[in-house]
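A.B. asks: could you look at this predicted model? Sequence included:
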Amino acid sequence: MFSPGQEVLDAWGKAYGVLANVFIQREGQIYQESADGDGGWRDRRAFRIVKKQPQSEIISSFILAPVDGGKVVDFKPGQYLAVYIKDEGLEHQEIRQYSLTAAPNGEYYRIAVKREDRGLVSNYLHQKAQEGDVIDIAPPHGDFFLDVTPNTPVALISAGVGQTPMLGMLNTLHAGSIRPRCTGCTRRKTARCTPLPMRWRPSPPRCRTSAVTSGTANRARTMWQAVTISPAV
């Protein structure tokens, strides 16, 4: 077997150590930034399930508020929460990440969870977790987020439960000075896309679930929340 030689191995070992320290230090900086923000914390924090609401047969939303009654740190639209679940029905503590679907508000977080057939945590949250239960979560993180500025054109495309980070982005746009113009398609084979009169639902619990429209058959399907829908002709 070819050997690069001890000098090369030693050099690689030193390089690995330097690179590992860079990542460790950066991770520490991220944790500290989360802790230093208004309403921030480090590691885990206890949150109560304030509201659990089915959104479809396989997706439910959860509103989470801190047990200590304090503020929650803001996040960038598109980021996620890490949820820690420990239950007697689970052999080990399980950790899952779920996208934030509401705009930053300083009071609570909102996530959406799709129930997977063999998903330990998703089935626990759908079938066993109830309003009033307490779970631990880590601060918001994630590199997939929307940098919102008034002059930024935004086009969001998603399918299935992949819409969840997009909902956080759209709700954040609505909460600011930007009013999205949205387009949907009917399922007809000759469908044309048409602008939809939209009013994005405000932050829970003042929200009202509204109608939806979906894209053409056998193609990427889009789902929008709307008060009224004018289908394509």
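C.D. replies: Thanks, I have it.

A.B. asks: helices or strands up against the strand ranked longest in the chain?
C.D. replies: In the chain, taking DSSP state E as the definition, the longest strand is strand 45-54. Applying 3 or more CB pairs under 8 Å, 6 or more residues apart in numbering; DSSP states H and E, we find strand 45-54 packed against strand 59-66, strand 134-137. For glycine as for every other residue, the C-beta is placed from the backbone atoms N, C-alpha and C.

A.B. asks: so it versus strand 59-66, what angle?
C.D. replies: Angle, strand 45-54 to strand 59-66, by axes from the mean of the first three to the mean of the last three CA atoms, to 10 degrees: 150 degrees.

A.B. asks: given strand 45-54, what are its sheet partners and their directions?
C.D. replies: strand 59-66 (antiparallel), strand 134-137 (antiparallel) (DSSP bridges).

A.B. asks: winner for burial among these?
C.D. replies: strand 59-66 (a mean of 20; mean count of other CB atoms under 10 Å).

A.B. asks: CA atoms only: put that strand into CSV for me.
C.D. replies: What follows is strand 59-66, C-alpha atoms only, in CSV (Å, rounded to 0.1, in the frame of the first residue of the first chain):
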residue,chain,number,x,y,z
ILE,A,59,-49.5,18.3,8.5
SER,A,60,-50.1,20.1,11.8
SER,A,61,-48.9,23.4,13.1
PHE,A,62,-47.6,24.1,16.6
ILE,A,63,-47.4,27.5,18.4
LEU,A,64,-44.7,27.4,21.0
ALA,A,65,-44.2,29.9,23.8
PRO,A,66,-41.5,30.0,26.5
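
A.B. asks: name the residues that touch the helix or strand that it is followed by?
C.D. replies: As assigned by DSSP states H and E, the chain's next helix or strand after strand 59-66 is strand 80-85. With CB atoms under 8 Å, 6 or more residues apart in numbering as the test, strand 80-85 has contacts from 44, 64, 93-100, 109, 111, 120-121, 124-125, 135-142, 165.

A.B. asks: can you tell me which of these are buried?
C.D. replies: Neighbour counting over the contacts of strand 80-85 (16 or more other CB atoms under 10 Å) leaves 64, 96, 98-100, 109, 111, 120-121, 124-125, 135-142, 165 as the buried ones.

A.B. asks: now intersect those with the strands, please.
C.D. replies: Members of the buried ones among the contacts of strand 80-85 lying in strands (criterion: DSSP E): 64, 96, 98-99, 109, 111, 135-137.

A.B. asks: biggest separation within these, which pair?
C.D. replies: Maximum pairwise distance among those (CB to CB): 18.1 Å, between 99 and 136.

A.B. asks: and the lengthiest helix in the chain, what other elements does it pack with?
C.D. replies: The single longest helix within the chain, with elements called by DSSP state H, is helix 6-36. Helices and strands touching helix 6-36, by 3+ CB pairs under 8 Å, 6+ apart: there are none.
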